[in-house]
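Trainee: sequence-free structure coming up:
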Ligand SMILES: Cc1cc2nc3c(=O)[nH]c(=O)nc-3n(C[C@H](O)[C@H](O)[C@H](O)COP(=O)(O)OP(=O)(O)OC[C@H]3O[C@@H](n4cnc5c(N)ncnc54)[C@H](O)[C@@H]3O)c2cc1C
């Protein structure tokens, strides 16, 4: 069968569906083509879906900040009656190993942009988060496994922490489904179980795509939103970006979050916010009402490069599981006396732009072929605003009710490295 479309988006992850929504609300007839059986079946479905605003540069802070406003007013943003994005405003606590100028300047920048962020002194931290300890020395989980041993060392306490009041996390599948439904309300189409295998061009201009099931769609615009498969899709268009994107495995572990207290003990555990613990190099957040999700912020964990994104270990390594739970227990000591529950973990893939861990949002040398790739572990929170930026780039149309002042050329493919002043990698 043959169709026509004003634009084809390859990939029904959060990025593709966000772009599709923004193109469709600008009046384009859009088709999203997805090789898998459902939306969000790639990296998006595995995402921790944290929306925090701590970045080093004004562009990314603004995108996270504006995205958060959209997550907080999701039905207005999507125009849908339902809300499956499930945004939870828990706040985001960031714990820094030292008090230095780079953190202070980030916080100043965030405040200037409008982020509600506070630097919290130790007394306030202890009062607001009574379940936590605030050591600022990183323990070695191979030598010290129990908090009681750590306690004897009388480690120094933190001098630097911040709290973003409005940050939180969402449901990655629900968010993506909503973005696709919102696009469909504007007449977009979704083609599942269709892998794009050809991107046809005439005189260096995109003309059509073809799927492995023989479907052809004539179109002047194709957007590569294929996540960790982006380089393969670029090859179909004979586009070779100057930046390398590498699928990189990211592991997540879960443990029970006790709702009661262990018998005979008076303590209660308070609800946790999203927390970026740069001392222990972990992040964590509540998962449902009964679990806590823990991921890594350690550079050594961000180098698990994967050759074939269709074949990798989709659960955490034993040593990773053990070490991350020890770090977590040392931050929230009361957890040690609560059984962790069934051992549950997962692992997904980041599409890491090796140069600088920032997205690539650009047109290419092939007329009509665009890329929104290399999202590097930041893609969930930034997707609503990146969708707007890409749709503006493609159509030249601004929708004043959902706009951003961020200049997309900051993320161009031939840029110099975007510098991070805190930690390169997933914090940036
Ligand atoms: C474990 C984990 C935790 C994360 N945590 C966070 C977080 O807390 N906060 C945050 O902001 N970000 C986070 N991220 C990053 C974020 O989730 C990703 O950047 C984002 O989901 C990527 O979305 P995407 O749409 O680009 O890619 P994907 O979701 O992978 O979608 C790409 C789609 O393209 C399809 N496709 C590929 N090739 C073809 C083809 N030839 N034809 C048709 N379809 C094709 C794939 O099947 C796939 O569904 C995390 C990521 C992971 C893996």
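Mentor: Received the coordinates, thanks. Remember, it's a predicted structure, so these values are computed and weren't measured experimentally.
Trainee: alpha carbons only for contacts and neighbour counts from here, please
Mentor: Fine.
Trainee: For the stretch 101-250 of the chain, what lies in contact range of the ligand?
Mentor: 194, 195, 196, 197, 225, 226, 227, 228, 229, 233, 250 (CA under 6 Å from any ligand atom).
Trainee: quick check: longest strand of the protein.
Mentor: Ranked by residue count under DSSP state E, the longest strand found in the chain is strand 245-256.
Trainee: got the contact list for the helix or strand following that one?
Mentor: The element immediately downstream of strand 245-256 (helix or strand, assigned by DSSP states H and E) is strand 274-277. Under the contact criterion CA atoms under 8 Å, 6 or more residues apart in numbering, strand 274-277 has outside partners 50, 90-96, 167-169, 282-286.
Trainee: Which strands and helices lie in contact with the next helix or strand along the chain from strand 274-277?
Mentor: Elements were assigned by DSSP H and E; along the chain past strand 274-277, the next helix or strand is strand 282-287. Applying 3 or more CA pairs under 8 Å, 6 or more residues apart in numbering; DSSP states H and E, one finds that strand 282-287 makes contact with strand 274-277, strand 291-296, helix 318-331.
Trainee: Given strand 282-287, what are its sheet partners and their directions?
Mentor: strand 274-277 (antiparallel), strand 291-296 (antiparallel) (DSSP bridges).
Trainee: tell me the angle the longest strand of the chain makes with helix 318-331.
Mentor: Inter-element angle recorded for strand 245-256 and helix 318-331: 60 degrees (by axes from the mean of the first three to the mean of the last three CA atoms, to 10 degrees).
Trainee: Contact partners for the nearest residue to residue 427 once chain neighbours are set aside?
Mentor: Taking CA to CA, 6 or more residues apart in numbering, and ignoring the residues beside it in sequence, residue 427 has residue 55 as its nearest neighbour in space, at 6.7 Å. Residue 55 sits next to 61, 106, 420, 427, 428 when contact means CA under 8 Å, 6+ apart.
Trainee: Please compute how far stretch 140-150 lies from its chain's middle.
Mentor: 31 Å (CA atoms, centre = their mean, to the nearest Å).
Trainee: which of the residues in it are buried?
Mentor: 141, 145, 147, 150 (16 or more other CA atoms under 10 Å).
Trainee: Nearest to the ligand among these?
Mentor: Distances from the ligand to these, taken as CA to the nearest ligand atom, are shortest for residue 141 (22.5 Å).
Trainee: Pull the number of nearby residues for residue 229.
Mentor: Residue 229 has 21 neighbours, counted by other CA atoms under 10 Å.
Trainee: From residue 300, how far out is the closest residue to it other than its chain neighbours?
Mentor: In this structure, residue 229 finds its nearest non-sequential neighbour in residue 309, 7.2 Å apart by CA to CA, 6+ apart. Residue 309 is 20 Å from residue 300, where distance means CA to CA, to the nearest Å.
Trainee: what do you get for residue 321?
Mentor: For residue 321, the distance to residue 300 - CA to CA - is 15 Å.
Trainee: related to what we said a few turns ago, now flag whichever of the contacts of strand 274-277 is closest to the ligand.
Mentor: Among the contacts of strand 274-277, and counting by CA to the nearest ligand atom, the member closest to the ligand is residue 50, at 3.6 Å.
Trainee: When residue 309 and residue 300 are compared, which one has more neighbours?
Mentor: Between residue 309 and residue 300, counted using other CA under 10 Å, residue 309 has the larger neighbour count: 19 against 8.
Trainee: Just list the residues touching the more buried one, thanks.
Mentor: 228, 229, 247, 349.
Trainee: Give the other helices and strands that the helix or strand bottoming out on mean pLDDT in the chain contacts.
Mentor: The weakest-scoring helix or strand in the chain, judged by mean pLDDT, DSSP states H and E, is helix 147-152 (a mean of 78). Applying 3+ CA pairs under 8 Å, 6+ apart, we find helix 147-152 packed against helix 318-331.
Trainee: Which one (most neighbours) among the contacts of residue 55?
Mentor: Neighbour max across those (other CA under 10 Å) = residue 61, 23 neighbours.
Trainee: Just list the residues touching that residue, thanks.
Mentor: Taking CA under 8 Å, 6+ apart, we find residue 61 in contact with 53, 54, 55, 110, 113.
Trainee: please redo it, this time with the cut-off set to 10 Å
Mentor: Applying CA atoms under 10 Å, 6 or more residues apart in numbering, we find residue 61 in contact with 52-55, 67, 106, 109-111, 113-115, 382.
Trainee: Lowest-confidence member of those residues, which is it?
Mentor: By pLDDT, residue 106 ranks lowest within these, coming in at 91.
Trainee: that older thread, between the strands paired with strand 282-287, which one is closest to the ligand.
Mentor: Nearest to the ligand among the strands paired with strand 282-287 is strand 291-296 (7.7 Å), distances taken as CA to the nearest ligand atom.
Trainee: contacts for the closest one?
Mentor: Residues outside strand 291-296 that contact it (CA under 10 Å, 6+ apart): 48, 250-259, 272, 274-278, 280-287, 301-302, 320-321, 324-325, 327-328, 340-341, 344-345, 347, 426.
Trainee: Repeat the analysis, applying 6 Å as the threshold.
Mentor: Here strand 291-296 makes contact (CA atoms under 6 Å, 6 or more residues apart in numbering) with 252, 253, 254, 255, 256, 257, 282, 283, 284, 285, 286, 287.
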